[in-house]
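*Asks:* fold the following.
(one chain, ligands or ions: 2)
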Amino acid sequence: MDQTVSASCLSHQHVAFAGGLTLECGFHLAPVEVAYRTYGTLSPRNDNAILICHALTGDQYVAETHPLTGKPGWWSRLVGPGLPIETDRFFVICINVLGGCMGSTGPRSLRECPDGGREPWGTDFPPITIRDMVQAQKLLIDHLGITKLFAVLGGSMGGMQVLQWAATFPEMVFAAIPIATSPFHSAQNIAFNEVSRQAIFADPQWHGGRYWEHDAIPARGLAVARMMAHITYLSEEALNRKFGRRVRKAPQGNGANPGSLFGEMFEVESYLRHQGSTFVRRFDANSYLTITRAMDYFDLGADYEGDLSRPFRGTRTRFCIISFSSDWLFPTSQARLLARALNRVAANVSFVEIESDKGHDAFLLDEPDLDRTIRGFVAGAAEHARIA
Ligand SMILES: CC(=O)SCCNC(=O)CCNC(=O)[C@H](O)C(C)(C)COP(=O)(O)OP(=O)(O)OC[C@H]1O[C@@H](n2cnc3c(N)ncnc32)[C@H](O)[C@@H]1OP(=O)(O)O
Ligand SMILES: N[C@@H](CCO)C(=O)O
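*Replies:* Ligands and ions are numbered 1, 2, ... in the order given. Here you go, the predicted structure:
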């Protein structure tokens, strides 16, 4: 079916594709809604589009104030006029992933029930993969009339999407920048995700995933999931630098801090509680479960007896792989495996390990070497692509 014909705009930068998508699991999901933001202008030659893919709990608000948190966009340091991803020159698109909770179809979306009513998908939302996310993005890219992306970039799960784009639609990706990512999700990372999921299931407000029926959310479980995951986004050095062993006065009453000496708590405890409680205001538990599973399934070599170069055979995409020295979640060793595999089949592969003590989330933080690397690679690739 011609998706450009069956697409309807629900509102500004929110499109429904009536024909939907057949997912990797075989389920046909229809309609598929895609929420996105754009910055800059598509050139008359249609050659300046850059797709930015967000990470696990990110969203399309990459370079503007977030509507729920009021915070600047998660990459507003990098995307804008005069910045490494120059919006006076490039047309930048960022899409909320399939399975997300910021407007694209996900577990919180309403579906038709057999009795004619509508209710959220919840845990009945079909399992999705990174490839499904990319297929949903492709619907939108086609709808926007873009035939070739000048560049696709993103960190962490965003980097997985970058690799999937380059593997699935090689002719559409001129340059790819996978950052702080891996060609497969490791056993250690699957293990961390499973602990997060169990924290959600253990919350009395989980209600088998139908929490909306109880006018509740599994806030405690989701917060604990985030607290645990957030530790993996930092590094020992970063935690020491930020908090050391400093303490502050602890909240009193309701058994909030049993065993605490002198009514104190460690700053790092307070920080993690803050990260947990702010997270639940902006994220849906069923989305969290769906997306962490999609990350867990990611394994580019799975269909090729583990050979990571075969998905990219014949590629003409230029790659710039970036890792951070203190990232223990997506360590440099995994990026190096990817670089070695790509070097066997691709003519243009750069690999940069950035010295940083900030851990995995370094790609979201003020890291001048990251900005310089992206600026340099994008400028060089634009010259090769002869972008005005
Ligand atoms: C690619 C993507 O799309 S990913 C999505 C990115 N966004 C997120 O992950 C949102 C969650 N936030 C984060 O993970 C991080 O804040 C980052 C990575 C975005 C930024 O990190 P940093 O700038 O180093 O901020 P930091 O981790 O220190 O957190 C600051 C917050 O902790 C609070 N905080 C700091 N110390 C303490 C403490 N001891 N006790 C309680 N709260 C504390 C600050 O008040 C601040 O709160 P606020 O965010 O509500 O204003
Ligand atoms: N902290 C980021 C990166 C995780 O990989 C997020 O929450 O999406």
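
*Asks:* Cys320: neighbour count?
*Replies:* 23 (other CB atoms under 10 Å). For the C-beta atoms, the positions are set from N, CA and C on the backbone; glycine is no exception.

*Asks:* what residues does the stretch 1-150 of the chain put near ligand 2?
*Replies:* Counting by CB under 6 Å from any ligand atom, the stretch 1-150 of the chain comes close to ligand 2 at Ala55, Leu56, Thr57, Gly58.

*Asks:* in which helix or strand does the third one reside?
*Replies:* This means Thr57. Using DSSP states H and E, no element contains Thr57; it sits outside every helix and strand.

*Asks:* quick one, phi/psi of the nearest residue to it once chain neighbours are set aside?
*Replies:* In this structure, Thr57 finds its nearest non-sequential neighbour in Phe283, 5.6 Å apart by CB to CB, 6 or more residues apart in numbering. Phi and psi for Phe283, reported as degrees, to the nearest 10, are phi -140, psi 150.

*Asks:* next one: Asn189
*Replies:* phi -70, psi -40.

*Asks:* and if you look at Val34?
*Replies:* phi -130, psi 120.

*Asks:* quickly list what it is bridged to.
*Replies:* Beta bridges link Val34 to Val15, judged by DSSP bridges.

*Asks:* mind listing what it touches?
*Replies:* Val34 is in contact with 14-17, 95-96, 98, 104-105, 136-137, 139-140, counting by CB atoms under 8 Å, 6 or more residues apart in numbering.

*Asks:* pLDDT at Val5, what is it?
*Replies:* Val5 is assigned a pLDDT of 42 by the prediction.

*Asks:* next: Ser260.
*Replies:* At Ser260, pLDDT is 84.

*Asks:* and it, how far from Gln252?
*Replies:* 9 Å (CB to CB, to the nearest Å).

*Asks:* count the residues that sit near whichever residue of the stretch 51-200 of the chain sits closest to ligand 1.
*Replies:* The minimum distance from the stretch 51-200 of the chain to ligand 1, using CB to the nearest ligand atom, falls at Gly58 (1.5 Å). Around Gly58 there are 25 other residues, counting by other CB under 10 Å.

*Asks:* what pLDDT does it get?
*Replies:* 98.

*Asks:* in terms of helices and strands, where is the nearest residue to it once chain neighbours are set aside?
*Replies:* Leaving aside its sequence neighbours, Gly58 sits nearest to Trp74 (CB to CB, 6+ apart; 5.4 Å). If you go by DSSP H and E, Trp74 is not part of any helix or strand.

*Asks:* you'd agree Trp74 is up against Thr65?
*Replies:* No. Applying CB atoms under 8 Å, one finds Trp74 not in contact with Thr65, separated by 11.1 Å.

*Asks:* so for those two, which residue has more residues nearby?
*Replies:* Remark: of Trp74 and Thr65, Trp74 carries more neighbours, 24 against 11, as counted by other CB under 10 Å.

*Asks:* ok, now which ones touch that one?
*Replies:* His54, Gly58, Asp59, Tyr61, Val62, His66, Leu364.

*Asks:* Thr38 too?
*Replies:* Thr38 neighbours (CB under 8 Å, 6+ apart): Gln13, Phe91, Val92, Ile93, Cys94.

*Asks:* quick one: low-confidence parts of the stretch 1-150 of the chain?
*Replies:* Applying pLDDT under 70 to the stretch 1-150 of the chain flags the ranges 1-5, 10-11.

*Asks:* tell me the domain ranges of this protein?
*Replies:* Using automatic domain parsing, the domains assigned to the chain come out as 7-186+303-384, 190-288.

*Asks:* buried residues in the longest helix along the chain?
*Replies:* Determined from DSSP state H, the single longest helix within the chain is helix 368-384. By neighbour count with 16 or more other CB atoms under 10 Å, helix 368-384 contains the buried residues Leu370, Thr373, Ile374, Phe377, Val378, Ala381, Ala382.
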